[in-house]
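Trainee: Mind looking at a prediction? Sequence and model below.
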Amino acid sequence: MHFETIKYSSNGPLARISLDRPEKLNAINARMVSELNHALDQAESDDNVRVILLTGEGKAFSAGFDLDTDDTEVDEASLRRVLTEDFNIIMRFWNSPKPTVAAVHKYCLGSAMEMAVACDITISAEGCRFGAPEVKFGSGIVALILPWLCGPKKAKEWLLTGNDRITPEEAAAHGLINKIVPLDQLTDAAESMALQIARNDQLAVNMTKQAINRSLELAGMQTALEEALESDIRIEATETEDSREFNRILRNDGTRAAIAWRDVKINQSLDQD
């Protein structure tokens, strides 16, 4: 298959999938979701591949799902279809029968962070910025995996504030990433980790991954994530006076102007009190 938004290659036991929309900071659009599914199909069906490596081309890993789309569909059925596809591609890296390793740099935001931490191993370059700013845009979390990895208290802090300046050190301290390396060592470190996994007995590795995931599934993770997706669909499908004005400014004047409008509105309400 000819890919337009990702790159795919395999070398011995490693398959490498790289997000490839550098002009958009690798923002994930519908085309990329489809191509990621095809690339994972290819890697998972290749008996030579033992580990799947996820990276990003250009200046950043990914700024998250693309907000700049021409999609005019706003009905709940369309939202459900799109958000379910987004949820499924994130969880494919978690549920893949083969180990997945993510190597991230510069920006790893929104649902791109969810995708990266859904991988079995996540390695970050120094100075990478993590975060989930969805609430700033009136959006919900597609795959609410953070509470299962970093705990509910820290997840609430990050997600309810829309913090998009989480450092690699903070992310590592709360269990979201495994290792921090200098940027010029990121590729080598990720490949070294992937090869270390690939050199082990494949059946033992794959079944151990499944056993770990199964322990979280027995604790209710899959059901909880599916219910959280329903909340996200309701958030996206519900329009308020504020959300209409925010989205109008967002479309016409951009992200900074829309957030500035909301800040002014909040400050005005504080002054009135």
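Mentor: The structure has been received and is ready for your questions. Treat the numbers as computed from the prediction; the structure is a model and nothing was measured.
Trainee: Please count neighbours and contacts with C-alpha atoms only from this point.
Mentor: Fine.
Trainee: Contacts for whatever helix or strand Leu225 lives in, please.
Mentor: Using DSSP states H and E, Leu225 falls within helix 221-237. Helix 221-237 is contacted from outside by 74-76, 79-80, 83-84, 87, 138-145, 148, 217, using C-alpha atoms under 8 Å, 6 or more residues apart in numbering.
Trainee: Out of these, which end up buried?
Mentor: Buried subset of these (neighbour count, 16 or more other C-alpha atoms under 10 Å): 79-80, 83-84, 87, 138-145, 148.
Trainee: Closest one of the residues you listed to Asp41?
Mentor: Nearest to Asp41 among these is Phe87, at 16.7 Å by C-alpha to C-alpha.
Trainee: which residues touch the helix or strand that contains the closest one?
Mentor: Using DSSP H and E, Phe87 maps to helix 76-95. Applying C-alpha under 8 Å, 6+ apart, the contact partners of helix 76-95 are 33, 36-37, 73, 100, 111, 114-115, 118-120, 142-143, 213, 229, 233, 236-237.
Trainee: relative to helix 76-95, how tilted is the helix holding Leu225?
Mentor: Comparing the axes of helix 221-237 and helix 76-95 via axes from the mean of the first three to the mean of the last three C-alpha atoms, to 10 degrees yields an angle of 150 degrees.
Trainee: Give me the average confidence score over helix 221-237.
Mentor: The average pLDDT for helix 221-237 rounds to 96.
Trainee: what comes up buried for whichever helix or strand comes after it?
Mentor: Where DSSP H and E defines the elements, the next helix or strand beyond helix 221-237 is helix 241-253. Neighbour-count burial for helix 241-253 flags Ser243, Phe246, Asn247, Ile249, Leu250 (criterion: 16+ other C-alpha under 10 Å).
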